[in-house]
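> Got a predicted structure plus its sequence, pasted below:
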Amino acid sequence: MTEFIPPGTRFIDLPSPFPMKRGGELRGARAAYETWGELNAARDNAVLIVTGLSPDAHAAANAGNAEPGWWEAMLGPGKPIDSNRWYVICVNSLGSCKGSTGPASANPATGEPYRLAFPELSIEDGADAAAHVVRALGVQRLACVIGNSMGGMTALALLARHPGIARSHINISGAARALPFSIAIRSLQREAIRLDPKWNDGEYDEANYPESGMRMARKLGVITYRSALEWDGRFGRVRLDSDRRDDEDPFGLEFEVESYLEGHARRFVRRFDPNCYLYLSRSMDWFDLGESCGGSADDGLARIRVDKALAIGVHTDILFPVQQQQQIADGLRAGGNDAAFLALESPQGHDAFLVDIARFGPAVSGFLAAL
């Protein structure tokens, strides 16, 4: 059970007890965050970034950590999210192993990791933790909240549960509720982890880590993060050179795409805690914005109030398909909000917002420039 906290990450204590949406509470919990830029005198130039499942709070290089972050090309001086103008806050998701309290964290009641004693985790819990960070930093109303992937869900929950917390919203490859295909994929990922004997009902350690289960879960995820168009254009049917094949394994790696998935998975597995993965994955499956009002996801969207919003999707995204971003824009407009929808032609699927900055950058910078 290990937490993986980047240098320079800072922490804010959450209220104790911190109530969880599905029951239970946390005591002595914290949220990890990083910042860029300066908060102005009016305290009205703050932008919050809420992330997908695996990222930490280190979205870009800053004074506390000069290493490039996971959204380095998007955030910084003169970049689409311009830290010369904006005071940018990125919060690590509650339930993660990257600094915010999660199943890998020590339970103050026992001194041991929570493991499966961690309360059931919902997207809404992450939204409440992010709201507390924003207010603890002296910001009562954000200029904008930006959420991508799972963070798109968190951002919507934040706006629904904390009315008035943001003037505007950019939702990138997010959703107002989980769809059956996405639920099915994540269910298989969790099953791969749980069926690994070394998972041991969550009671693993560094010497007995469920590596096979995590490798399979990550491979399934990576397949859905990109598109068939991307896989074909990048790898085709190119086979591995003979010196890279294991001739003793009749069903071993044979194609370049297999080798890519294997390498990607091996780099990930011991950099993320399996129990945290299970909890965060399930929180996405449970999410339905309509629960906030006892109606449909569309009803939940119509109740949100922002001055301006933009939902961005990608035609090749199979995990959070583009109709889900269309639904967000339509639902917000139905509630009287000024909401736009932008569908991009990127070939890179769900992960396009991380790599296709040539398309995403102008959309984000143009929206923010108009605020």
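Structure received. Residues are numbered from 1 along each chain as shown.
> What count of nearby residues applies to G294?
Using other Cβ atoms under 10 Å, G294 is surrounded by 8 other residues. In short, each C-beta sits where N, CA and C put it, glycine included.
> what's near enough to touch it?
For G294, the contact set (Cβ atoms under 8 Å, 6 or more residues apart in numbering) is empty.
> what does the one 3 residues further on give?
If you count contacts by Cβ under 8 Å, 6+ apart, A297 has them with 176-177, 288-290, 327, 331.
> Let's see that with 10 Å instead.
For A297, the set of contacting residues under the criterion of Cβ atoms under 10 Å, 6 or more residues apart in numbering consists of 156, 175-178, 287-291, 324, 327-328, 331.
> Ok, D128 next?
Residues near D128 by Cβ under 10 Å, 6+ apart: 14-15, 18-21, 31, 94, 122, 154, 157-158, 161-162.
> Which of those sits closest to D356?
Of all the contacts of D128, the one with the least separation from D356 (Cβ to Cβ) is T154, at 22.1 Å.
> The closest one contacts N92, doesn't it?
No. In this structure, T154 sits apart from N92 without contact. The criterion is Cβ atoms under 10 Å, and the distance is 11.4 Å.
> As a check, name the ranges of all helices in the stretch 251-371 of the chain.
Residue ranges of the helices in the stretch 251-371 of the chain, as given by DSSP state H, counting those that start in this stretch, are 256-269, 274-286, 297-303, 322-334, 352-355, 357-369.
> ok, back up a step: quick check: neighbours shared by T154 and N92?
With contacts defined as Cβ under 10 Å, 6+ apart, the residues adjacent to both T154 and N92 are 50-51, 126, 129-130.
> which residue ranges form the strands in this structure?
For the chain, the strands identified by DSSP state E occupy 10-13, 18-19, 25-26, 30-36, 46-50, 75-76, 81-82, 87-91, 144-148, 168-172, 308-314, 339-344, in order along the chain.
> Could you dump the ones you listed into a markdown table and include mean neighbour count?
Putting these into a markdown table (neighbours: other Cβ atoms under 10 Å) gives the following:
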| stretch | mean neighbour count |
| --- | --- |
| strand 10-13 | 15 |
| strand 18-19 | 17 |
| strand 25-26 | 18 |
| strand 30-36 | 24 |
| strand 46-50 | 28 |
| strand 75-76 | 24 |
| strand 81-82 | 22 |
| strand 87-91 | 26 |
| strand 144-148 | 28 |
| strand 168-172 | 27 |
| strand 308-314 | 26 |
| strand 339-344 | 18 |
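> okay, those in CSV with mean pLDDT next?
Output for the strands of the chain, formatted as CSV (pLDDT from 0 to 100):
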stretch, mean pLDDT
strand 10-13, 98
strand 18-19, 98
strand 25-26, 98
strand 30-36, 98
strand 46-50, 98
strand 75-76, 98
strand 81-82, 98
strand 87-91, 98
strand 144-148, 98
strand 168-172, 98
strand 308-314, 98
strand 339-344, 98
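> Output the contacts of D128 as a markdown table; include the columns distance to R282.
Rendered in a markdown table, the data for the contacts of D128 read as follows (distance: Cβ to Cβ, whole Å):
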| residue | distance to R282 |
| --- | --- |
| L14 | 21 |
| P15 | 24 |
| F18 | 19 |
| P19 | 19 |
| M20 | 13 |
| K21 | 13 |
| A31 | 20 |
| L94 | 14 |
| S122 | 9 |
| T154 | 15 |
| A157 | 15 |
| L158 | 19 |
| R161 | 19 |
| H162 | 23 |
